[in-house]
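In: Sequence and computational prediction follow.
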Amino acid sequence: MNILKTQTMSSSYTYTIRDALSSEDDEIALLFYNNFLKTWNHNWWASAKVPPPPLEPTSKPNSQLRFKRALVKGVRLSKGHRIRVIIVHPNPNTNDINGLTSTPPRPLSASRGKDGHDDDGGVIVGAAMWFPPNVRYPTDPVSLYKTGMLGITPKWGIKGYKRLEIDWEPALHRLAKEGFKSHVGTGKEKTKPDDSIFLQMIAVDHAYRGKGLGSKLLRDGEQLYNGVAPAGSPILLEATEKGPRDVYLKHGYEIIGETKLGKGSCDEDGCTGQGKKMMKQGGDVWVMCKWR
């Protein structure tokens, strides 16, 4: 079901939150890619020597952009997934997109121009990908082939595969399991991590940060499965940077597990060839949950 929300912000443009069109998947993948250029775990997985460069829609894709595309495609293949985008629309009276006035909501069927912008000049500035309870990113060979993921990890080598599939995923699964097991006082002590709604990824374009758009996108996602998932289903997510972690804490999420990975193998950006000191203890990872 496609839910449209259009609201007013500040004095010169509006934002709309809606389900993403499949034709927008590459644009969403590019947004994720450019948002995580210096996020340590993304570069660590890829065994990057230096952070990857920013890319435009016409740029030749590298392995990290292909990885983001595969993530989006995998979510698309999953039953019950929701990919939400937040679009900023300019004030038709001022044609301003740098501040935020009320404009009518655009129909969902409206076309998008070749530059990726909506016909009224609106542009996707944020996206979030969600899974319902008991559904996660597909790992069967057929799905991995369809997403293109099978062609990416070999480019990262055995080291990259180990970091993502052997070091990262099991560690976070263990932390989530232990966190749920130790949670008491809600009457849901038997709830398991797979019973939760899961936020796979969320990002807002750097140019639009500080306007509360990320928080609005997060709150939107927390309501997506009302009436679909069992009442009170917890929401699970992961954070690897202190800024996002603190935002989640303000929204009522708790840290149910934390660890450090990549000990001595990368710098603060997850890279090895910048001349920076390697992180002695590794990069931070927090598993967080909102109990409802």
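Out: Arrived safely. Numbers count the residues shown, from 1 in each chain.
In: So Ser265, which state does it fall into?
Out: Here Ser265 takes the coil state, with states given by DSSP: H, G, I helix; E, B strand; the rest coil.
In: Can you list the residue ranges for helices in this structure?
Out: 25-35, 40-45, 63-76, 141-147, 153-161, 169-182, 213-222, 242-250 (DSSP state H).
In: hey, which of those is tucked in deepest?
Out: Mean neighbour count (mean count of other C-beta atoms under 10 Å) peaks for helix 40-45 among the helices of the chain, with a mean of 24. Yep, even glycine has a C-beta here, placed from its N, CA and C like the rest.
In: Would you mind pulling the contact partners of it?
Out: Defining contact as C-beta atoms under 8 Å, 6 or more residues apart in numbering, one finds that helix 40-45 is touched by 36, 51-52, 64, 67, 156, 160, 163-164, 168, 240, 261-262, 265-266, 268-271, 279, 283, 285.
In: What of stretch 222-241?
Out: 3, 39-41, 80, 82, 84, 130, 132-133, 172, 176, 188, 191, 193, 195-199, 245, 248, 253, 283-292.
In: hmm, which of those are the buried ones?
Out: Taking 16 or more other C-beta atoms under 10 Å as the criterion, what is buried in those is 39-41, 82, 84, 130, 132-133, 172, 176, 188, 191, 193, 195-199, 245, 248, 253, 283-291.
In: How about the residue nearest in space to the middle of the chain, nearest residue that isn't a chain neighbour?
Out: A centroid search over the chain (C-alpha atoms, centre = their mean) returns Met201, at 1.6 Å, as the residue closest to the centre. Residue nearest to Met201 in three dimensions, not counting chain neighbours: Met129, with 5.1 Å by C-beta to C-beta, 6 or more residues apart in numbering.
In: Tell me how many other residues crowd that neighbour.
Out: 25 (other C-beta atoms under 10 Å).
In: measure the residue lying closest to Phe67 once chain neighbours are set aside to His89 for me?
Out: Of all residues not flanking Phe67 in the chain, Ile152 sits nearest, at 5.2 Å (C-beta to C-beta, 6+ apart). Separation of Ile152 from His89 (C-beta to C-beta, to the nearest Å) stands at 35 Å.
In: Buried subset of the contacts of helix 40-45 as a ChimeraX selection?
Out: ChimeraX command restricting the contacts of helix 40-45 to the buried ones, with burial defined by 16+ other C-beta under 10 Å:
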select :36,51,52,64,67,156,160,163,164,168,240,261,262,265,266,269,270,271,279,283,285
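In: re the thing from before, which ones are touching the residue nearest to the centre of the chain?
Out: Met201 neighbours (C-beta under 8 Å, 6+ apart): 32, 71, 127-129.
In: check contacts around the residue nearest to Phe67.
Out: Shown in contact with Ile152 (C-beta under 8 Å, 6+ apart): 63, 66-67, 70.
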